[in-house]
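> give me a model of this one.
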Amino acid sequence: MIKRIYDYLLFKWYVASLSVRKKNEDALRWGIIGTGYMSHVFSKAIIRSRSNILYAVASRSINTASVFAAKHGIPCFYDSIANMLDNPDIDIVYVATPVECHFEQVRQCLLAGKNVLCEKPLTLNPDEAESLYCLAKERNKFLMEGMWTRCLPTMKKSMEIIESGIIGRVQYVRADLNKRMAFEHVKKHFGALYDYGIYGVSFIQYFLGENICLDAIKTRSFQGVVTDLSALFSSKIAAGALNVMSSLSAPSKAVIIGDEGSIEFDTPFNRTNRISVYDASGKLIREYSFRYSCEGFEYELNEVYLAIKSGRKYSDVIPASETIKCLKILKEIQDEK
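The predicted structure follows:
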């Protein structure tokens with residue numbers, strides 16, 4: 001009883017504080033589907049943003065939705081996605097549910113006339129993703145996969161360094177992701193590959209360009225879920241390697257090697273704010289570090305905001321073509337015997 005009173009008072013304080021928060025007049029009003037970890041993380045980023053407002057949340061349980069709303073100062077909460085989508089004041093929906101729910105929920109949002117940002121992976125296969133992008137185009141709505149690491153300044157700066165010729169022609173790209181997790185009880189899930197291995201595939205894809213997966217070695221649980229894997233990639237001019245481990249904990253670093261130098265990402269590479277540039281002899285040339293106010297999610301928010309406000313129905317940083325290519329590679333690795 002005391003906790004409920006506390007939650008209610010906290011909720012009222014947050015709602016009241018919304019009136020004094022300095023938000024832009026044309027700020028995007030967000031609805032959120034799901035109340036898990038990523039929803040909490042993303043909500044904090046929205047709260048600190050001047051260009052975005054937390055407006056609604058939907059969960060299967062009204063109690064769960066109300067508690068989440070109280071914690072983050074959200075004025076509207078629902079126990080039904082459909083009811084939330086009926087709210088005309090919502091500009092965009094963030095889908096942060098398990099991946100097996102993404103296709104139907106994103107489709108539901110687009111059909112309701114809402115712009116959508118969906119957590120990665122967008123879907124479990126490229127055909128579903130292509131279908132959603134076609135629907136978004138048909139409905140004239142914005143759709144983007146939440147591959148937020150692509151929006152980080154470390155990625156942009158690294159591409160600028162490569163294009164400047166400082167490290168020469170890219171020869172090799174490697175990404176290691178080591179995160180101890182248990183997947184024994186996972187059913188409708190493809191394990192480490194789709195959970196966080198996708199970060200490595202996206203990273204290699206971004207810096208390697210057009211590429212194919214040459215070979216993959218995987219370890220599966222008794223339920224057939226991929227727990228560990230190593231994969232080799234190739235493009236016309238360079239090679240790549242991906243290592244994903246859920247059975248151990250170790251640094252998760254990434255490196256881009258050119259014929260005149262290299263770029264190294266600190267661990268964990270998919271969320272670090274620092275990169276180091278070396279010459280061909282291994283001598284440190286320069287380090288770059290960036291300030292993250294919300295773990296870097298503010299850059300993803302900014303990309304969505306600028307795209308929608310400029311009238312674009314797609315992201316230049318995370319275009320549909322890149323999302324679909326990445327899903328094709330994931331499926332290729334997953335299906336390989």
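> would you map the strands across the stretch 201-337 of the chain?
For the stretch 201-337 of the chain, applying DSSP state E, counting those that start in this stretch gives strands covering 212-220, 226-234, 239-245, 254-258, 261-265, 274-279, 284-289.
> can I get those in CSV with mean pLDDT, mean neighbour count and distance to G36?
The C-beta positions use only the backbone N, C-alpha and C, and glycine is treated the same way. Converted to CSV, those look like this (pLDDT from 0 to 100; neighbours: other CB atoms under 10 Å; distance: least, CB to CB, whole Å):
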stretch, mean pLDDT, mean neighbour count, distance to G36
strand 212-220, 81, 15, 25
strand 226-234, 90, 20, 21
strand 239-245, 95, 22, 22
strand 254-258, 98, 23, 26
strand 261-265, 98, 22, 27
strand 274-279, 98, 18, 28
strand 284-289, 98, 12, 30
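> hang on, Y288 packs against M155?
No. Taking contacts as CB atoms under 8 Å, Y288 lies outside contact range of M155: 11.5 Å.
> residue contacts, the nearest residue to K313 once chain neighbours are set aside?
Distance criterion CB to CB, 6 or more residues apart in numbering; nearest residue to K313, sequence neighbours excluded, is F142 at 5.0 Å. By CB atoms under 8 Å, 6 or more residues apart in numbering, the contact list for F142 reads I92, N115, V116, A136, V304, A307, I308, R312, K313, Y314.
> can you report how many residues lie near the last one?
If I follow you right, that is Y314. 16 (other CB atoms under 10 Å).
> what of the first one?
Number of residues near I92 (other CB under 10 Å) recorded here: 22.
> just list whatever residues bridge to it.
Residues in a beta bridge with I92, per DSSP bridges, are W30, N115.
> so what touches stretch 79-94?
So stretch 79-94 is in contact with 28-33, 39, 42, 55-62, 65, 76, 78, 105, 108-109, 112, 114-119, 142, 146, 304, 308, going by CB under 8 Å, 6+ apart.
> and the strands in the stretch 1-150 of the chain?
28-33, 52-58, 76-78, 92-95, 115-119, 143-146.
> for those, which one sits closest to T219?
T219 lies closest, by CB to CB, to one member of the strands of the stretch 1-150 of the chain: strand 115-119, at 25.4 Å.
> angle of that closest one against strand 28-33?
50 degrees (axes from the mean of the first three to the mean of the last three CA atoms, to 10 degrees).
> now for strand 115-119, which elements pack on it?
strand 92-95, helix 99-111, strand 143-146, helix 297-309 (3 or more CB pairs under 8 Å, 6 or more residues apart in numbering; DSSP states H and E).
> point out the most buried one among those.
strand 143-146 (a mean of 27; mean count of other CB atoms under 10 Å).
> pairing partners for it, with directions?
Sheet pairing of strand 143-146 (DSSP bridges) gives strand 115-119 (parallel).
> K156 and G296, how far apart?
With distances taken as CB to CB, to the nearest Å, K156 is found 12 Å from G296.
> what's the answer for V170, then?
On the measure of CB to CB, V170 and G296 end up 24 Å apart.
> and for the residue nearest to S293 when sequence neighbours are not counted, the neighbour number?
Excluding the flanking residues, the one nearest S293 by CB to CB, 6+ apart is R48, at 6.2 Å. R48 has 14 neighbouring residues, counting by other CB under 10 Å.
> same question, the one 3 residues further on
Residues within reach of S51, counting by other CB under 10 Å, total 17.
> that one touches E25, doesn't it?
No. With contact defined as CB under 8 Å, S51 does not reach E25; the gap is 10.2 Å.
> picking up where we left off before, with mean pLDDT and distance to G165 added, can I get the helices and strands packed on strand 115-119 in JSON lines?
What follows is the helices and strands packed on strand 115-119, written out as JSON lines (pLDDT from 0 to 100; distance: least, CB to CB, whole Å):
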{"stretch": "strand 92-95", "mean pLDDT": "98", "distance to G165": "39"}
{"stretch": "helix 99-111", "mean pLDDT": "97", "distance to G165": "39"}
{"stretch": "strand 143-146", "mean pLDDT": "98", "distance to G165": "31"}
{"stretch": "helix 297-309", "mean pLDDT": "97", "distance to G165": "26"}
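> want to throw the ones you listed into JSON lines with distance to I257?
Shown next, in JSON lines, are the helices and strands packed on strand 115-119 (distance: least, CB to CB, whole Å):
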{"stretch": "strand 92-95", "distance to I257": "36"}
{"stretch": "helix 99-111", "distance to I257": "32"}
{"stretch": "strand 143-146", "distance to I257": "28"}
{"stretch": "helix 297-309", "distance to I257": "26"}
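> select, out of those, the one closest to P319.
Proximity to P319 (CB to CB) singles out strand 143-146 among the helices and strands packed on strand 115-119, at 8.7 Å.
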